[in-house]
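Trainee: Quick one: sequence and predicted model below, then my questions.
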Amino acid sequence: MSMHLTRAGARGRPAFYNDPRIRSLAYQFVLCAVIAFLVYGAVANAVDNLRRAHIASGFGFWDASAGFDISQTLIPYSAQTSTYGRAFWVGLLNTLLVAGLGIVLATALGFLVGIARLSKNWLLAKCAAGYVEIIRNIPLLLQLLFWYNAVLKSLPDVRDSIALPGGAFLNNRGLFLPAPNFLHGFETVIVAAGVGLAAAFGFGRWARRRQERTGERAPVLWVTLIFVVGLPAAVFALRGFPLSFDYPQAGRFNIIGGFEVLPELVALLFGLTIYTAAFIAEVVRAGILAVARGQTEAAYSLGLKPGLTLRLIVVPQAMRVIVPPLTSQYLNLTKNSSLAVAIGYPDLVQVFTGTVLNQTGQAVEVVAITMLVYLTISLVTSLVMNIYNRRVALVER
Amino acid sequence: MKRTAVLIILGAFAFAQSASAQTLKTVKDRGLLICGANGTLAGFGLPDAQGKWTGLDVDVCRAIAAAIFNDADKVKFVPLSAKDRFTALQSGEVDVLVRNTTWTSSRDTSLGLNFTGVDYYDGQGFMVRKSLKVNSALELNGASVCVQQGTTTELNLADYFRAHNMQLKSVTFATANEAVKAYDAGRCDSYTTDASGLAAERLRLANPNDHVILPEIISKEPLGPAVRHGDDQWFDIVKWVLFAMINAEELGVNSKNVDEMLKSSNPDVKRLLGTEGNYGEQLGLTKDWVVRIVRLVGNYGEVFERNVGSGSPLKIDRGLNKLWNKGGIQYAPPVR
Ligand SMILES: N[C@@H](CCC(=O)N[C@@H](CS)C(=O)NCC(=O)O)C(=O)O
């Protein structure tokens, strides 16, 4: 009897070193310790080697004066008074600008091409297929150089600038737009726009609920227009048009004044958008093809038109398949933007791992910071896309 | 995945052999000198279609190889862009960097380099299109300037425009090639770099005669070879190879008369050529080290004229680079 009890106790509670949970914890602890030791060894060794080679180390350079000029700065920056740290932020913002714009444009173009490739129109489908095949198979760097040269060579010299309507100029130094000057009173216009947007949003929700309940449709488009455009415009007029423009003008060498869009930015944006859109198009095509044919047939038999079927039935279901690979295309685009260095666009890699690294000679620190930045950008992008993915994912009811 | 990559790279960097303190031995064991050079600058470092390298800097590397191996061709040239050159030297990818590199205090200290001398005294200038009718760099207020990154050039440029209260629109490129192409395509009003580089790059433009080099020289650019900190013997060798070439010119020893000069009774010549004393051995080389250099590569004057002077398409005047006793500032300490 007592023996029996003991055995039962042993079976129910194995020795702690046989407990799988404790074991796995111990293994993980040992692994972490080994990795931590390796990292420590690597860092200590690197610091020691640098010291022995008399190469400066540490992050003291961050606050040292930069001394070089940057062609596009979204935040105030000057060669003489700004630091290397400031140059880092300038480069980072330039990277985020081109990546952000590129993601929006590539998504739009990619969806169009992906859908066009499945079109019943033979010519359209073949054109889309040709686009995808050609663009996907040419290295991005070549495409960037192509676009940069296309921009530089096809646009006229500054002295023969094309004057665009509205006081803008176009030449091989960029696109020069009138820059808005916000005068006193413009804040109210911005507030009005915010209020209008919120009102339009609220009305849209209300209209949708009502339609679900009663089947009656409200004039959402008109009301939205009135709130979003009409309201701010009315306030703008009431406050006496508090906005003026700084027009670009021809100077001795360059167009001066106004808002300047660099040809390097345009070429990089073109290259990244067109390249990534080809991949996105394939992702979209695969996603649409993954939606069972019966869904479309069911929609048609309910009398939905092809356009509506695509929008209401096919694309929402396709999104579940599309979003994960789409995320990796976004990450690719962001990382590919570092090819900017080939065409003189001052992105993070060009400014920071290019000039700052070279002028300070602190390769380890600069490269480590840059890797950390790209890692962070990638993780944040993934996070956002995962949240979106959870929203569109199949919910079992 | 990415985190693993970071670890691997960090580890690889850290555990990589620290800069060897025995460069001469490494070079001899390898049987080859690895020289960081400019791959695109005529007159300083440029391979031709057959892969044969020419240039003033290139010949300094050849002279080092000649002194060590008695064979000026035992050199492997690694073309480096301005922004990658220091990392390549620091990490031990090259034994010596001779790539029209300006000697500055921060490069000599915090970059962990030692400059061994000056093989070309240069200064920064500007090139513009003739049609702009600009006669002086001081008229460039508001101009766009194409410039190469990772250079002293981009720093001087910002300083100069600021000092003269002029508006600058600089466009920065990773290589000279890209900067020059953009300038040629009209992206910039001016291209700026070392004056020697301007002379070389002008010849590569579509219509060289449409461009002029402005008279202002806005900086001091002493260009010379550099080695890593921490190997004094190697530092001495690279330093004295260049001094030997300059001394050879001063003493009238050149590639044609060097064998005759071995019979000279001039004590300076005898010490230089190793017929008296053991100065080469003190360096870790052989007695006849300078004979090898001059016979296989030439003295400083010969190398200058052949690569950038009257014997080259660049036709640069020797100017500051004349010997100290001929009106220039090239001056080498004596071998004794
Ligand atoms: N001497 C300056 C500038 C050196 C430099 O890189 N010059 C340019 C223009 S002459 C060059 O050699 N470019 C050739 C290349 O990058 O391929 C420095 O050491 O920073």
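Mentor: Looks like it came in fine.

Trainee: Pass me the low-pLDDT residue ranges in chain B, would you?
Mentor: B:1-21 (pLDDT under 70).

Trainee: rerun that using 50 as the cut-off
Mentor: B:1-20 (pLDDT under 50).

Trainee: And it, split by domain according to the record?
Mentor: B:2-121+B:223-326, B:124-219 (automatic domain parsing).

Trainee: for those domains, which one sits closest to the ligand?
Mentor: domain B:124-219 (2.2 Å; CB to the nearest ligand atom). Any C-beta I mention is one placed from the backbone N, CA and C, and that applies to glycine too.

Trainee: Burial check on A:Ser154, number of neighbours?
Mentor: Each residue near A:Ser154 was counted by other CB atoms under 10 Å in any protein chain shown, and the total is 8.

Trainee: Tell me the predicted confidence for it.
Mentor: Looking at A:Ser154, its pLDDT reads 86.

Trainee: what does the one 3 residues further on give?
Mentor: A:Asp157 carries a pLDDT value of 87.

Trainee: ok so, going back, now for the domains of chain B, which one comes closest to A:Gly166?
Mentor: domain B:124-219 (23.3 Å; CB to CB).

Trainee: so can I have a markdown table of the domains of chain B showing distance to A:Arg252?
Mentor: Shown next, in a markdown table, are the domains of chain B (distance: least, CB to CB, whole Å):
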| stretch | distance to A:Arg252 |
| --- | --- |
| domain B:2-121+B:223-326 | 30 |
| domain B:124-219 | 6 |
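
Trainee: and chain A, what are its domains?
Mentor: Domain assignment for chain A, taken from automatic domain parsing, gives A:2-52, A:84-178+A:247-392, A:179-246.

Trainee: what's the most buried one of these?
Mentor: Of the domains of chain A, the one with the most neighbours on average (mean count of other CB atoms under 10 Å in any protein chain shown) is domain A:84-178+A:247-392, at a mean of 18.

Trainee: any idea how far that one is from the chain center?
Mentor: Domain A:84-178+A:247-392 has its C-alpha centroid displaced from the chain centroid by 8 Å (CA atoms, centre = their mean, to the nearest Å).

Trainee: how long is it from one end to the other?
Mentor: Counting by CA to CA, to the nearest Å, the length from the leading to the trailing residue of domain A:84-178+A:247-392 is 43 Å.

Trainee: so does that domain get close to the ligand?
Mentor: No - figure legend: domain A:84-178+A:247-392 not in contact with the ligand (CB under 6 Å from any ligand atom); closest approach 8.6 Å.

Trainee: OK, contacts around the spatially most central residue of chain B?
Mentor: Nearest to the mean C-alpha position of chain B, counting by CA atoms, centre = their mean, stands B:Asn100 at 3.1 Å. Shown in contact with B:Asn100 (CB atoms under 8 Å, 6 or more residues apart in numbering or on different chains): B:38, B:41, B:44-45, B:57, B:120, B:122, B:194, B:196-197, B:223.

Trainee: Same list, those residues, but only the ones touching chain A.
Mentor: By CB under 8 Å from any CB of the partner chain, no member of these lies near chain A.

Trainee: can you narrow these to ones near the ligand?
Mentor: B:38, B:41, B:194, B:197, B:223.

Trainee: which ones among those residues are found in helices?
Mentor: Among the ones next to the ligand among the contacts of B:Asn100, the ones falling in helices (DSSP state H) are B:Gly197.

Trainee: and the domains of chain A, which one's lowest on average pLDDT?
Mentor: domain A:2-52 (a mean of 79).

Trainee: Do any residues in that domain lie close to chain B?
Mentor: Yes - using CB under 8 Å from any CB, domain A:2-52 reaches chain B at A:35, A:38-39, A:41-46, A:49-50, A:52.

Trainee: What parts of the stretch 201-336 of chain B come near chain A?
Mentor: Counting by CB under 8 Å from any CB, the stretch 201-336 of chain B sits next to chain A at B:228-230.

Trainee: can you give me the helices for the stretch 251-397 of chain A?
Mentor: A:263-289, A:293-301, A:306-308, A:315-336, A:348, A:357-360, A:363-392 (DSSP state H, counting those that start in this stretch).

Trainee: now do the stretch 101-250 of chain B
Mentor: According to DSSP H, counting those that start in this stretch, the stretch 101-250 of chain B carries its helices in the segments B:105-108, B:152-163, B:176-184, B:195-202, B:232-250.

Trainee: Put together TSV for these, with distance to B:Asn307 and mean neighbour count on each row.
Mentor: TSV is the format used below for the helices of the stretch 101-250 of chain B (distance: least, CB to CB, whole Å; neighbours: other CB atoms under 10 Å in any protein chain shown):
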stretch	distance to B:Asn307	mean neighbour count
helix B:105-108	24	14
helix B:152-163	21	21
helix B:176-184	17	23
helix B:195-202	10	23
helix B:232-250	13	23
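
Trainee: could I get those helices as CSV with distance to A:Ile280?
Mentor: Putting the helices of the stretch 101-250 of chain B into CSV (distance: least, CB to CB, whole Å) gives the following:
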stretch, distance to A:Ile280
helix B:105-108, 45
helix B:152-163, 37
helix B:176-184, 29
helix B:195-202, 41
helix B:232-250, 54
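
Trainee: So which of those helices is nearest A:Gly91?
Mentor: Between the helices of the stretch 101-250 of chain B, helix B:152-163 lies closest to A:Gly91; by CB to CB that is 14.5 Å.
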